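Peer 1: Okay, structure incoming, though there's no sequence with it:
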């Protein structure tokens with residue numbers, strides 16, 4: 001990375017990847033929690 005534009009594009013890409021992973025993790029955790037309620 002030699003320019004500011006390349007740095008910003010890389011940072012924005014990493015932000016989108018991290019956001020997507022957090023979204024998938026929170027959905028999976030929610031499904032895990034709600035799935036346990038029906039087993040009682």
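Peer 2: Received, thanks. A quick note: this is a predicted structure, and the numbers were derived from the prediction, not measured.

Peer 1: confidence score at residue 2?
Peer 2: The model reports residue 2 with a pLDDT of 89.

Peer 1: Now do it against residue 10, distance only.
Peer 2: Separation of residue 2 from residue 10 (Cβ to Cβ, to the nearest Å): 11 Å. For the C-beta atoms, the positions are set from N, CA and C on the backbone; glycine is no exception.

Peer 1: The two - which one has more neighbours?
Peer 2: residue 10 (11 against 6; other Cβ atoms under 10 Å).

Peer 1: all helices for the protein, in order.
Peer 2: Per DSSP state H, the chain carries helices over the ranges 4-37.

Peer 1: where are the low-confidence patches of it?
Peer 2: For the chain, residues meeting the criterion pLDDT under 70 lie at 38-40.

Peer 1: Swap in 80 and give it another go.
Peer 2: For the chain, applying pLDDT under 80 flags the ranges 1, 36-40.

Peer 1: Nice, that's everything, thank you.
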